[in-house]
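Colleague: build me a model from this:
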Amino acid sequence: MAALGALRHCRAPGRLRPPHPTAGGGSSSSRSSSSRSSSSSSSGGGSSAGSSRAAAAATAAATAATTAATTAATLRLAALRGLRSWLCGAEEAAGWSARLQRYRLRLDSAYRGSVRELYGPDVAAAFFVLSCGGSARFQGRDEWLRPDARGGCGPELLRLRDLPVVAVDLSGSAVDYGGLDDLARLTQLQHLDLSGCRRVDDWSLARLHTLGASLRELSLAGCPRVTERGLAALHHLRRLRRLDVSDLPAVRHPGLTRILLEEMLPRCQVVGMDYADGLEPPPPPAARRPP
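Modeller: Model (predicted):
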């Protein structure tokens with residue numbers, strides 16, 4: 001009877017309690033899988049964001065480097081352009097200065113023509129020398145007449161019109177062939193200094209033949225345009241006693257030129273050139289073999 005009661009109790013459907021479904025376990029597994037998926041997605045998103053930031057930083061650095069290089073190149077071109085314009089301006093200014101100086105010399109030459117007619121060739125020559133920044137000395141006077149603060153000459157020049165000019169210093173001036181016309185009219189000029197005159201050339205030296213009867217000292221030191229041909233034209237200066245021909249870069253054979261000058265002007269002391277300048281040393285004598 002007890003067994004039958006137990007059997008009935010087991011078959012009664014109302015008394016049986018089914019176990020809880022495994023939905024809770026499935027939800028937990030799904031939550032774990034979703035958390036894994038979310039973590040994996042978040043980790044993937046973080047890595048992609050980091051790579052994007054690195055690429056953006058690299059792009060920004062490349063852009064900055066390109067901008068800096070472009071700016072440096074632009075500044076360099078601007079500096080070179082400015083330097084070129086400055087050099088062109090300086091060259092143009094130098095050209096204008098030379099043209100203005102030549103124009104001033106022509107005007108002075110025209111003015112000296114009228115001065116020569118009124119006061120004679122010596123006053124006109126002295127006026128030309130002073131206008132070039134040089135100095136002149138008249139006969140019987142120890143002091144040199146020099147230009148005043150404005151670059152001109154004072155009334156003292158007119159008081160010396162009865163005296164001849166015996167010495168002229170035009171060193172470093174812009175005198176050229178045309179400017180020597182006034183000096184060529186001086187009949188008692190004894191000393192002439194043309195050292196450092198960059199425009200004195202061979203034609204200018206040929207213009208000095210009219211001074212052969214009086215000129216005793218002549219300096220041509222540092223005249224870059226003087227060559228052997230111009231020095232050969234000095235044979236007319238028979239009374240020359242001293243000739244300075246030092247530092248003449250256009251003379252190729254200074255030693256031979258000195259020999260030529262001493263043959264042309266035997267009474268003149270030639271200074272500034274050595275016999276050995278421009279000459280090749282003789283070959284050493286051949287060694288003799290012992291007998």
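Colleague: tell me the buried residues in stretch 232-243?
Modeller: A233, L234, H236, L237, L240, L243 (16 or more other Cβ atoms under 10 Å). Every C-beta, even on glycine, is put in place using the N, C-alpha and C of the backbone.
Colleague: which parts of the stretch 101-250 of the chain are strands?
Modeller: 135-138, 165-169, 191-193, 217-219, 242-244 (DSSP state E, counting those that start in this stretch).
Colleague: show me how far the second one is from its chain's centre.
Modeller: Between the mean C-alpha location of strand 165-169 and the chain-wide mean there is a distance of 36 Å, by Cα atoms, centre = their mean, to the nearest Å.
Colleague: so who does M273 touch?
Modeller: M273 sits next to V245, S246, V251, P254, G255, T257, R258 when contact means Cβ atoms under 8 Å, 6 or more residues apart in numbering.
Colleague: most widely separated two among those residues?
Modeller: S246 and G255 (13.5 Å; Cβ to Cβ).
Colleague: where are the low-confidence patches of this protein?
Modeller: Confidence mapping of the chain against pLDDT under 70 gives the ranges 1-50, 91-92, 94-95, 101-102, 104-106, 108-110, 112, 151-152, 278-291.
Colleague: I'd like the distance between the residue nearest the centre of it and A93.
Modeller: For the chain, the residue nearest the mean C-alpha position is L87 (8.3 Å; Cα atoms, centre = their mean). Plainly put, L87 is 11 Å away from A93 if you go by Cβ to Cβ, to the nearest Å.
Colleague: what of A55?
Modeller: For A55, the distance to A93 - Cβ to Cβ - is 56 Å.
Colleague: please apply the same query to A79.
Modeller: A79 is 21 Å from A93, where distance means Cβ to Cβ.
Colleague: what ranges do the helices span in the stretch 151-291 of the chain?
Modeller: 156-159, 181-184, 202-206, 228-232, 254-264 (DSSP state H, counting those that start in this stretch).
Colleague: could you export those as JSON lines, including distance to Y275?
Modeller: Converted to JSON lines, the helices of the stretch 151-291 of the chain look like this (distance: least, Cβ to Cβ, whole Å):
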{"stretch": "helix 156-159", "distance to Y275": "44"}
{"stretch": "helix 181-184", "distance to Y275": "32"}
{"stretch": "helix 202-206", "distance to Y275": "22"}
{"stretch": "helix 228-232", "distance to Y275": "15"}
{"stretch": "helix 254-264", "distance to Y275": "5"}
